[in-house]
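>>> Predicted model and sequence below, questions to follow.
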Amino acid sequence: MRRTPLTAALMFLALVGCQYDSDFSEEDLGSVELASIGGSSANGEAHYDAVAAITISRPKRNSMSREDVRCTGVLVEERTVLTSASCLSRNVEAEIDPQRPDTEQYLDAASVYVQFGSSVSGTMEYALDSTFDQGPNTHKGVTLHRYYEFDGGGLNDIALLRLAESPGITPATVHKEDLDKATLESMSTPLELVGYGKDDDNGDTAVFTVRTVVAPVITKVNFSDIAAGDALVNTCHADRGGPGFLDFNGSVEVVSVTGSVNDNDQCDKIVNRQRVDRYAAQFLIPYIARFEEPCMGADCDDCDYDGFCEEACPTRDFDCELGAFAGDACESNGECEQGGHCIEATDDPTNTYCAIPCDTDDVSGCPASMVCSPTDPDGDDPTTGECIYDGISPGSQGAGCTTPGDCRSGFCESLFCANPCDIADANACDAAGGFLCLPASTDGAVNVCRLDVDTNGGGFCGVSAASWAGASGSGTRTTFLSCLGLLFLVGLFRRRRQA
């Protein structure tokens, strides 16, 4: 008896399905009419053959029982399949959960397998390489993206599967260069999406169909994803993890991975598909390079994604445990994740933090507290930048605070961070900004740069709770509110001055 086959077929990065099928049988596979919305049979092109169907027996949520789900993927190296991390995340969680009595069973040949073909019924099943466990985010042949979060709302939703043997199929080509957003949007470029999805209002009953291709136009290219698909042309259940292909002057390459359709959603929505180029340099290419010819002499680099952690790298080595993210404090480049490096804050050289690459045309590439500053505004690509703190950096002198823990100095005075100062130095503090070198309200033995107001030792204008509550007139309250107004104006002036 053969077990319920797997599905998946596609390219590099276009995802959508993975749904439970309680009534799935061998006869159903490949017998259903073309099910993707507006799709056609995906045959006759070499890159179609690299698309794979993935079958997964995963643990149900909050339960020890299982359910079968189906996804799509694409072969990108002789034995490496690109797919969606969310397809495999429950299995990985169960595999590393010491509380589960059967943890060794979630990434074995009976739980995850891959098949290729226009209809995968009766085709060979390829299991994971259960001996491959290289790096902190790899488990028995499954490598989830380093920044994928199990409940992260779909961010970094890509994964790589290492097969136990080669299927003997030519891998698809991964697009490695940055996509030209303006060109793609202005041309209404069609994105060729391949998979085995089923058009079914209820994702819980989705089954594999024959391998299908749909080609919706690209409507938007964001920093990390591509929007394509609507009620007339779209992927559907079981297409999650499937690739999106574009033709670059005759070279068809994977540019996206499709996201998921919720279990009971109809397949008529615009689906955001994760951009492969955003993950190529820091994830896909280094991963694939591990299986190529060993490096020789000067070609070897300890910072490569090779299973060994090297701390002294230009950016964080993916073989190391998670380091510092954008805006986090750092001491060296090798601590910074997301391809970042360690820089000094413009307002305080003692404050060093991680800056990461960004696109000046898309503010979503940086945390809300940072800006994307052009690194070469007059060069070939003025949109290239890095996320930095503009003006006062968090925790530095003059930054807003409510508790001492908000400040690197440990002093929060009048709602602003205050650095220790030398009272004999006339230029120790920013007098023009309203800061003077005065004794700290919490430690009179230490002088700090703070506003010349009474803070009663706590980072707020000085009116005690007792005097506030017991004041017979409005004078005390008026003084308190006036002080808050003063602080607001000083802060506003300070920020404008720093701009």
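That came through fine.

>>> quick one: residue 215 from residue 440, how far?
To residue 440, residue 215 is 66 Å away according to Cβ to Cβ, to the nearest Å. From N, CA and C alone the C-beta is placed, and that goes for glycine too.

>>> Model confidence score at residue 462, please.
At residue 462, the model reports a pLDDT of 38.

>>> Could you do residue 146 as well?
We have a pLDDT of 88 for residue 146.

>>> all strands of the stretch 101-250 of the chain, in order?
With DSSP state E, counting those that start in this stretch as the criterion, the stretch 101-250 of the chain has strands at 112-116, 126-127, 138-139, 142-144, 159-162, 173-174, 192-195, 212-214, 218-221, 225-228, 243-248.

>>> So for residue 399, which of those sits nearest?
Closest of the strands of the stretch 101-250 of the chain to residue 399 is strand 225-228, at 32.8 Å (criterion: Cβ to Cβ).

>>> in its sheet, what does the closest one sit against?
Paired strands of strand 225-228, with direction, are strand 218-221 (antiparallel), strand 271-275 (antiparallel) (DSSP bridges).

>>> before we move on, the earlier item: tell me which of residue 215 and residue 440 has more neighbours.
Counted by other Cβ atoms under 10 Å, residue 215 and residue 440 do not tie: residue 440 has more neighbours, with 23 against 18.

>>> residue contacts, the more buried one?
Contacts for residue 440 were tallied using Cβ atoms under 8 Å, 6 or more residues apart in numbering; they are 411, 413, 418, 446, 447, 448, 450.

>>> thinking again about what came up before, out of the strands of the stretch 101-250 of the chain, deepest packed?
Neighbour counts (mean count of other Cβ atoms under 10 Å) averaged over each of these peak at strand 192-195, with a mean of 34.

>>> Let's check: the centremost residue of the chain is which one?
For the chain, the residue nearest the mean C-alpha position is residue 156 (3.5 Å; Cα atoms, centre = their mean).

>>> quick one, phi/psi of that residue?
Phi and psi for residue 156, reported as degrees, to the nearest 10, are phi 50, psi 40.

>>> got the contact list for it?
Applying Cβ under 8 Å, 6+ apart, one finds that residue 156 lies in contact with 85, 145, 146, 147, 148, 149, 274, 279.

>>> Then residue 48?
Residue 48 makes contact with 9, 42, 118, 194, 211, 213, according to Cβ under 8 Å, 6+ apart.

>>> Now that we have the contacts of residue 156, which of them are buried?
Buried members of the contacts of residue 156, counted by 16 or more other Cβ atoms under 10 Å: 85, 145, 146, 147, 148, 274, 279.

>>> Of all the strands of the stretch 101-250 of the chain, which one is nearest residue 383?
Nearest of the strands of the stretch 101-250 of the chain to residue 383, taken as Cβ to Cβ: strand 218-221 at 12.3 Å.

>>> Turn the buried ones among the contacts of residue 156 into CSV, including distance to residue 301.
Converted to CSV, the buried ones among the contacts of residue 156 look like this (distance: Cβ to Cβ, whole Å):
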residue, distance to residue 301
85, 26
145, 21
146, 18
147, 22
148, 25
274, 27
279, 19
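
>>> for these, which one is nearest residue 241?
Using Cβ to Cβ, residue 85 comes nearest to residue 241 of those, at 8.6 Å.

>>> Hmm, that closest one is touching residue 158, no?
Yes. Using Cβ atoms under 8 Å, residue 85 is in contact with residue 158, at 5.7 Å.

>>> Are there residues contacting both of those two? Which ones?
Common contacts of residue 85 and residue 158 (Cβ under 8 Å, 6+ apart): 145, 148.

>>> ok, how many other residues are close to residue 51?
33.

>>> Could you do residue 344 as well?
When neighbours are defined as other Cβ under 10 Å, residue 344 has 13 of them.

>>> cool, and residue 314?
When neighbours are defined as other Cβ under 10 Å, residue 314 has 12 of them.

>>> Give the full set of residues in contact with the nearest residue to it once chain neighbours are set aside.
Once flanking residues are discounted, residue 314 sits nearest to residue 333: 5.4 Å by Cβ to Cβ, 6 or more residues apart in numbering. By Cβ under 8 Å, 6+ apart, the residues touching residue 333 are 313, 314, 315, 340, 341, 342.

>>> do the same with residue 384
357, 359, 360, 374, 375, 376.

>>> can you check residue 79 too?
Counting by Cβ under 8 Å, 6+ apart, residue 79 makes contact with 129, 162, 163, 164, 165, 166, 167, 291.

>>> What are the phi and psi values at it?
Taking degrees, to the nearest 10 as the convention, residue 79 sits at phi -130, psi 20.

>>> Over to residue 342?
For residue 342, the backbone dihedrals (degrees, to the nearest 10) come out as phi -90, psi 120.

>>> Would you check that it makes contact with residue 331?
Yes. Counting by Cβ under 8 Å, residue 342 does reach residue 331; the two are 6.8 Å apart.

>>> Name the residues contacting each of those two.
Counting by Cβ under 8 Å, 6+ apart, the shared contacts of residue 342 and residue 331 are residue 352.

>>> ok, the two, which is more surrounded?
Legend: neighbour count by other Cβ under 10 Å for residue 342 and residue 331, higher for residue 342 (19 against 9).

>>> so which two of the contacts of residue 79 are the farthest from each other?
Within the contacts of residue 79, 167 and 291 form the most distant pair, 14.5 Å apart (Cβ to Cβ).

>>> for this protein, which spans come out with low pLDDT?
Where the chain drops to pLDDT under 70, the residues are 1-35, 63, 101-104, 152-154, 199-207, 260-266, 270, 293-299, 379-380, 454-499.

>>> hey, where'd the helices end up in it?
Remark: helices assigned in the chain by DSSP state H are 85-95, 181-186, 277-279, 285-289, 465-470, 475-498.

>>> mind checking the end-to-end distance for stretch 122-132?
Terminal residues of stretch 122-132 lie 27 Å apart, using Cα to Cα, to the nearest Å.

>>> Could you do stretch 267-282 as well?
Termini of stretch 267-282 sit 32 Å apart (Cα to Cα).

>>> Which positions in it come out as buried?
267-268, 271-280, 282.

>>> Could you do stretch 354-364 as well?
Buried residues in stretch 354-364, defined by neighbour count with 16+ other Cβ under 10 Å: 354, 355, 356, 357, 358, 359, 360.

>>> got it, and stretch 120-127?
For stretch 120-127, a neighbour-count test (16+ other Cβ under 10 Å) marks 120, 121, 123, 125, 126, 127 as buried.

>>> With distance to residue 400 as added columns, please give the residues you listed in JSON lines.
Shown next, in JSON lines, are the buried residues of stretch 120-127 (distance: Cβ to Cβ, whole Å):
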{"residue": "120", "distance to residue 400": "58"}
{"residue": "121", "distance to residue 400": "63"}
{"residue": "123", "distance to residue 400": "61"}
{"residue": "125", "distance to residue 400": "58"}
{"residue": "126", "distance to residue 400": "56"}
{"residue": "127", "distance to residue 400": "55"}
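
>>> out of those residues, who's nearest residue 110?
Comparing the buried residues of stretch 120-127 against residue 110 with Cβ to Cβ places residue 127 closest, at 8.7 Å.

>>> can you tell me which residues contact that closest one?
By Cβ under 8 Å, 6+ apart, the contact set of residue 127 is 108, 109, 112, 113, 114, 163, 164.

>>> Just put these in a markdown table and tack on distance to residue 141.
Output for those, formatted as a markdown table (distance: Cβ to Cβ, whole Å):
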| residue | distance to residue 141 |
| --- | --- |
| 108 | 10 |
| 109 | 10 |
| 112 | 8 |
| 113 | 11 |
| 114 | 10 |
| 163 | 7 |
| 164 | 8 |
